[in-house]
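> fold the following.
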Amino acid sequence: LSVTWPLKMLRFLVATVATILFTTTLEWMLYPMDCLADDTSLSEWLHGNGSKCDAWGVPDVVLTVFSIILVLMFVIFSMGVNLFTFELNPIVRGSRVVCT
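Numbers count the residues shown, from 1 in each chain. Next up, the predicted model:
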């Protein structure tokens, strides 16, 4: 084991969350607004059974706005991770560049 194994593990975990778990993470973050497209509702969880979907209502709007901000930050983070994790042309760093 080298000294850089924590950095390699962190790079792997971040790349996994940003690429493989991207859709699942976005779905989880957008749960407060999920009731607009589905029958499940955060309003039911907050106010009890039988509550209608009210993602833009007074107590729920705080979670809705917070989730939108988190989604925007996560999308920007994922784009940055994909930019820095995966090289466009991996041969450029290889020894073939010296030979050509």
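
> neighbours of A37, how many?
9 (other C-beta atoms under 10 Å). C-beta coordinates here come from the backbone N, C-alpha and C atoms, glycine included.

> V81 touches F12, doesn't it?
No - if you go by C-beta atoms under 8 Å, V81 and F12 don't touch, sitting 11.3 Å apart.

> same drill for those two, tell me which one is more crowded.
V81 (17 against 11).

> what's the distance between that one and D60?
V81 sits 31 Å away from D60, going by C-beta to C-beta, to the nearest Å.

> helices and strands around the helix or strand where G80 lies, which ones?
Using DSSP states H and E, G80 sits in helix 60-85. Other helices and strands packing on helix 60-85, by 3 or more C-beta pairs under 8 Å, 6 or more residues apart in numbering; DSSP states H and E, are helix 5-19, helix 22-29, helix 42-47.

> got the buried residues for the shortest one?
Read it as helix 42-47. Buried residues in helix 42-47, defined by neighbour count with 16 or more other C-beta atoms under 10 Å: 42-43.

> what is the least confident helix or strand in the chain?
In the chain, the helix or strand scored least confidently by mean pLDDT, DSSP states H and E is helix 96-99, which has a mean of 48.

> show me how far the helix holding G80 is from its chain's centre.
6 Å (C-alpha atoms, centre = their mean, to the nearest Å).
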